[in-house]
Structures are given as C-alpha cells and as structure tokens.
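K.L.:
Need a 3D model of the following:
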Amino acid sequence: MKNSTTIPMTHSGTERKEGKLKMVHKYLFLEFKKNQMGYATIAIIGQSCLGSAAAMVLLMSEMDTILKMTLLFFVIIFCMAFNGAVLAQLKPLTTFNILILSVAFSILVILFQII
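P.N.:
Presented below is the predicted three-dimensional model:
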C-alpha cells in the first residue's frame, strides 16, 4: 500500500460504542472461555440447584396446573440444555449463552412466584 494511489480514509464515525451489558457479557465470556471446564463444572452445580429451587417453588404455588407444568417444563428443558451443552462440548459461546438463559429463566420464575 506504500505506492498506492488511493486516498487514505479514516473510520472515525463508524465505530460503535458497546453498551455496558454487552461489555459485561464479553468480559464474563472471556473469563468463562479461559477456564471453560472448571467454570462449566461449577456452573452445572449452581444452575442445577437454582433450577431445583425454581421447580420446588413452582410445585408449591397455587397457580393453574397447566401453567405450572408448562413453566416447570421450560425450567427443566433449560437446565438440561446447559448440562447437555457441557457434555457435548459445544462452542464456549453457545454454552455460556445457554447458561445465562437457564439462570435468568430460573431466577425469573422464582421472583414471579415470590411476588
């Protein structure tokens, strides 16, 4: 490019600033990826306990049986999806995102039942 006749262009206005949530996700993902097997092992235990608590709270609730069983189905599916992702050794980003989905859904179910 030293002898090129093209005009050099700057990209000053095209870079986007990352949001705080995206920066936190990126930081946590890089930490997860650095020691994936260790963090995955700890995460299986933690999210399984959280999923069990969500299932217990759901089964103790007084809501309609169909809604209760549907929510219980999704709690179990998300927990099993993460466990399966770890066992199948999927890409770290996929595994990490499934972990976040599983934990977030279980927490939302617990909070919904408490309120």
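
K.L.:
When you work out contacts or count neighbours from here on, use the C-alpha atoms and nothing else.
P.N.:
Fine.

K.L.:
Now do residue 79 against residue 42, distance only.
P.N.:
From residue 79 across to residue 42, the span is 14 Å (Cα to Cα, to the nearest Å).

K.L.:
Kindly apply the preceding question to residue 115 instead.
P.N.:
Distance, residue 115 to residue 42, by Cα to Cα: 29 Å.

K.L.:
Then residue 36?
P.N.:
Going from residue 36 to residue 42 by Cα to Cα gives 10 Å.

K.L.:
the helices in this protein, which residues?
P.N.:
Here the chain has its helices, by DSSP state H, at 20-34, 36-60, 65-87, 92-114.

K.L.:
So if I had to pick from residue 36 and residue 42, which one is more boxed in?
P.N.:
Using other Cα atoms under 10 Å, the more surrounded residue of residue 36 and residue 42 is residue 36, with 18 against 12.

K.L.:
So which residue is smack in the middle of the protein?
P.N.:
In the chain, the centroid-proximal residue (Cα atoms, centre = their mean) is residue 100; its distance is 1.6 Å.

K.L.:
circling back to that earlier point, now the helices of the chain in CSV, with mean pLDDT?
P.N.:
Output for those, formatted as CSV (pLDDT from 0 to 100):
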stretch, mean pLDDT
helix 20-34, 92
helix 36-60, 93
helix 65-87, 93
helix 92-114, 93
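
K.L.:
pretty sure residue 109 is touching residue 56, no?
P.N.:
No. Contact criterion Cα atoms under 8 Å: residue 109 and residue 56 do not qualify, at 10.6 Å.

K.L.:
For the two, work out which one has more neighbours and name it.
P.N.:
Higher neighbour count among residue 109 and residue 56: residue 109, with 20 against 13, using other Cα under 10 Å.

K.L.:
Quick one: residues contacting the closest residue to the more buried one other than its chain neighbours.
P.N.:
Spatial nearest neighbour of residue 109, chain neighbours left out: residue 54 (6.2 Å); criterion: Cα to Cα, 6 or more residues apart in numbering. Residue 54 is in contact with 75, 106, 107, 109, 110, counting by Cα atoms under 8 Å, 6 or more residues apart in numbering.
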